[in-house]
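In: I would like to see how this sequence folds:
(chains A and B)
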Protein chains: 2
Amino acid sequence: MEIIIAKSAGFCFGVKRAITIAKERAASGGEIYTLGPIIHNPQAVKRLADSFNIHPKKTIEEMRGGTVIIRSHGVKLQELGAATGKGLNIVDATCPFVKKTQDLVGELTREGYAVVVVGEKEHPEVQGIMSYGSADIIVAASVEELKDMTRKKKIGIVAQTTQSQERLQAIVSFCLTMASEVKVYNTICNATSIRQRESVELSRTVDCVVVVGGKNSANTRRLAEICRSIQPRTHHIEEASEIDPGWFEGVERLGITAGASTPNWIIRDVIAKLEQLAA
Amino acid sequence: MEIIIAKSAGFCFGVKRAITIAKERAASGGEIYTLGPIIHNPQAVKRLADSFNIHPKKTIEEMRGGTVIIRSHGVKLQELGAATGKGLNIVDATCPFVKKTQDLVGELTREGYAVVVVGEKEHPEVQGIMSYGSADIIVAASVEELKDMTRKKKIGIVAQTTQSQERLQAIVSFCLTMASEVKVYNTICNATSIRQRESVELSRTVDCVVVVGGKNSANTRRLAEICRSIQPRTHHIEEASEIDPGWFEGVERLGITAGASTPNWIIRDVIAKLEQLAA
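Out: Below is the predicted model of the structure:
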C-alpha cells in the first residue's frame, strides 16, 4: 500500500501563530487561560494543559485572574469587554485573517450595509465576527437559510475564513437578487481553499482517504465531507489509535490529509501507524 | 388557437420616455437628429422620420446644427463633448437607469476599482457606459471572456441594463476568485428581468411563441433565445408581414411577447393578423 500525504495537511498560519504565542506567554508563568479550547483538537489542548499549564475555561467568569489568551478563532466583543472589566491580562492571538473579517463587519455596518456572514451560526469564529455588527446581522451557511430575508437597500457580505468558495458564490448570487448593491469581501482563507483543493485532487487518485483532526473541528469535518464526496472510503479520525486495519483491504494507494487545527505530532503518529500496516 | 399576450410585452419605461421627449422636442421644429436610431426598431424609426422629422445620423460630424436627442441607450462622453463643441442643442433622453450605470462606473473608477461591465462590448449602451471608466475597463458577456483577466486588488461590477441575472451571477462568482473585494451594482433593469421571467412562464404553457421586435435589438434577440430554449417553436419577427401561417399547424395555444423597443402599434398589428389566422 502506497501512502500519499497532502502537502497542505495540518496547522494553518493562524493556528501555528496562536500556539506559538500561547507557549511564549506560558514561559513567563502565572495563571493562563484560554476562552474555550485554543484549537479544536482535544489531544493538542491536553498537551498544552499538561506541559504548559494553559487551561481552557468556558467563560470569563470562571477565570480567577491572570492571563487570558484569545484563541485564533477570536472572541465576542462582549467577552473582550468582560475580560478587560475583570482586570485580566489579555493576549490576543486572534488569527489576523479573522481579525480582518471582524473589522470589515464593523466597517460595513457603519457604512449602512445589511451584513450577511457566510458561515455556521454556532461556530465561535462566527459568533465573534457577528459581535462586530449590529443586532440584526444575518448568518447563513446556505441560500435555504436566507429564504426569509427581506429585500435590502445594500448588502455587505463576508465569510467565515474556512467556508468553501462555492457556498460564498451561491449566497452572493442570491443576494444579487435581494439588493441593487452588494459589496463582498472574500475573507475565505487561502490555506483552507488550497487544503480543500489539494484534498480533492488527492481523493481522485487514491482508493482510500484518512482525514486527521478534531471531531469538534468544523474545517476538518468539512474536509472529510469533501473527500468522501469523491472517495466514499474516507475515514475521519482524531488519532492513530482509531485506525482499523480492515479499512485498507484491497487498497493500493492511501491518501492522508489533516485539518487546520491538527498538530504535526498527531499526523506523524498516524503516518507511522499506517506505514507499519503498509509494510 | 388561443392567443396569450405577455403582460410586459413592448416599450419599457426608458424607451417610452425617450420617444415622448423626442416628439415633444419635434413639436418646436428645427433640425432634429438622433445619434444612431433612437430605438432598435426600424419601423418606429421610420415613422419618427416621416411624421416628426427626426433623423438618425451615424456621427455628430454628419449633423449640420440644430438639436441632437441623446437616445435611451446613452452615448459616449466623447460624443457628448463633440456635440457640445459643435454648438448643437443637446436634449438628453438617456434612460435614467442607464445614466445611473454610467455614473456608477465613474464612481467605481474614482474609488480605485478595476471595473467589469457585464454586457455586449459592441452594444451602444455598453460603449456609452465604458466611456465613463478608465481606458482599461473590462467588458464581458461570459466568464469565458474573462479568462485572461489578471488578479485585481478590488473589482467593481455593473451590468448592461438588459443583461440576464444568470450572466451577472456567473461573472460575479468568477470575480470573487480574482479579488478579495468585489462591489457589485446590480444595474439590470427590472423591466427586462420581469419581461424575461414572464416570457419564460409563457413559453412553458404554449405550443408556439412569437417574439416581436427589431432584429437589431439585443434585448429582443435575447428574449427570443430564452423563449426558444423552452419552446423550440419560437419565431422572432419585426412586423406582421413576416408571419407564416404554416408555423401554427397543430398549435392550440400561442404566446406573444415583445422587446423593450417594440412600439405598441407593431404589436397590435401582429396580434390582429394572428387573430385573423386563429379565427
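
In: now the strands for the stretch 1-150 of chain A?
Out: A:2-5, A:32-35, A:54-57, A:67-70, A:89-92, A:114-118, A:138-140 (DSSP state E, counting those that start in this stretch).

In: ok, and for the last one, which residues are buried?
Out: Within strand A:138-140, the residues that count as buried by 16 or more other CB atoms under 10 Å in any protein chain shown are A:138, A:139, A:140. From N, CA and C alone the C-beta is placed, and that goes for glycine too.

In: Go ahead and name everything in contact with the helix or strand that it is followed by.
Out: On the C-terminal side of strand A:138-140, the closest following helix or strand by DSSP states H and E is strand A:154-159. Strand A:154-159 is contacted by residues A:101, A:104-105, A:108-109, A:111-119, A:129, A:167-168, A:171-172, A:175, A:178-188 when judged by CB atoms under 8 Å, 6 or more residues apart in numbering or on different chains.

In: What strand or helix carries residue A:183?
Out: strand A:181-185.

In: Parallel or antiparallel, list what pairs with that strand.
Out: The pairing partners recorded for strand A:181-185 under DSSP bridges are strand A:154-159 (parallel), strand B:181-185 (antiparallel).

In: continuing past it, what's the next helix or strand?
Out: With secondary structure assigned by DSSP H and E, strand A:181-185 is succeeded by helix A:190-205.

In: Just the mean pLDDT for the following helix or strand past that following helix, thanks.
Out: Counting by DSSP H and E, the next helix or strand C-terminal to helix A:190-205 is strand A:208-212. In this model, strand A:208-212 has a mean pLDDT of 97.

In: which residues touch strand A:208-212?
Out: Strand A:208-212 has contacts (CB under 8 Å, 6+ apart) with A:9, A:199, A:202-203, A:220, A:223-224, A:227-228, A:231, A:233-239, A:243, A:247-248, A:251, A:253-259, A:262, A:266-267, A:270, A:274.

In: Please flag which of those residues sit within helices.
Out: Judged by DSSP state H, helices contain the following of those: A:199, A:202, A:203, A:220, A:223, A:224, A:227, A:228, A:266, A:267, A:270, A:274.

In: Surely the second one is in contact with residue A:8?
Out: Read it as residue A:202. No. With contacts defined as CB atoms under 8 Å, residue A:202 does not count as touching residue A:8, sitting 9.9 Å away.

In: Overlap of the contact sets of these two?
Out: residue A:257.

In: between the two, who's got more neighbours?
Out: Shown here are residue A:202 and residue A:8; by other CB atoms under 10 Å in any protein chain shown, residue A:202 has more neighbours (23 against 20).

In: Quick check: residues of the stretch 151-279 of chain A near chain B?
Out: By the rule CB under 8 Å from any CB of the partner chain, the part of the stretch 151-279 of chain A lying against chain B is A:165, A:168-169, A:172-173, A:176-177, A:179-187.

In: what's the most distant pair in the residues you listed?
Out: Based on CB to CB, the longest span within these runs between A:165 and A:180 and measures 24.0 Å.

In: okay, which residue is most central for chain A?
Out: Centroid check for chain A by CA atoms, centre = their mean gives residue A:219 as the closest residue, at 4.9 Å.

In: measure that one to chain B for me?
Out: Look at residue A:219 and chain B: by CB to the nearest CB, to the nearest Å, they are 19 Å apart.

In: doesn't residue A:262 make contact with that residue?
Out: No. The pair residue A:219 / residue A:262 is not scored as a contact, 9.6 Å apart, by CB under 8 Å.

In: shared neighbours of the two, anything?
Out: Here residue A:219 and residue A:262 have residue A:213 as joint contacts, going by CB under 8 Å, 6+ apart.

In: Please produce TSV containing the strands paired with strand A:181-185, extended by distance to residue A:208.
Out: Formatted as TSV, those follow (distance: least, CB to CB, whole Å):
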stretch	distance to residue A:208
strand A:154-159	31
strand B:181-185	39
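
In: Now tabulate the ones you listed in a markdown table and tack on distance to residue B:4, mean pLDDT and mean neighbour count.
Out: Below are these laid out as a markdown table (distance: least, CB to CB, whole Å; pLDDT from 0 to 100; neighbours: other CB atoms under 10 Å in any protein chain shown):
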| stretch | distance to residue B:4 | mean pLDDT | mean neighbour count |
| --- | --- | --- | --- |
| strand A:154-159 | 36 | 98 | 25 |
| strand B:181-185 | 35 | 98 | 24 |
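
In: looking at those, which is closest to residue A:37?
Out: strand A:154-159 (22.8 Å).

In: Which is the succeeding secondary structure element to that closest one?
Out: helix A:165-175.

In: Show me what that following helix is packed against.
Out: In terms of contacts (3 or more CB pairs under 8 Å, 6 or more residues apart in numbering or on different chains; DSSP states H and E), helix A:165-175 is packed against strand A:114-118, strand A:154-159, strand A:181-185, helix B:165-175.

In: quick one: residue A:153 and chain B, what's the gap?
Out: 12 Å.

In: Show the pLDDT at that residue.
Out: Confidence for residue A:153, expressed as pLDDT, is 97.

In: ok, and the closest non-adjacent residue to it?
Out: residue A:179 (6.4 Å; CB to CB, 6 or more residues apart in numbering or on different chains).

In: still on that earlier bit, distance to residue A:70 added to the helices and strands packed on helix A:165-175, as JSON lines?
Out: Listed next are the helices and strands packed on helix A:165-175 as JSON lines, based on distance: least, CB to CB, whole Å:
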{"stretch": "strand A:114-118", "distance to residue A:70": "19"}
{"stretch": "strand A:154-159", "distance to residue A:70": "19"}
{"stretch": "strand A:181-185", "distance to residue A:70": "22"}
{"stretch": "helix B:165-175", "distance to residue A:70": "33"}
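
In: Show me chain A divided up by domain.
Out: A:2-9+A:191-278, A:13-95, A:97-188 (automatic domain parsing).

In: Distance to residue B:55 added to those domains, as a markdown table?
Out: As requested, these are arranged in a markdown table below (distance: least, CB to CB, whole Å):
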| stretch | distance to residue B:55 |
| --- | --- |
| domain A:2-9+A:191-278 | 57 |
| domain A:13-95 | 65 |
| domain A:97-188 | 36 |
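
In: Residue B:79: which of those domains is closest?
Out: Smallest distance to residue B:79 across these (CB to CB): 27.4 Å, for domain A:97-188.

In: Give me the distance between residue A:177 and residue B:120.
Out: For residue A:177, the distance to residue B:120 equals 22 Å [CB to CB, to the nearest Å].
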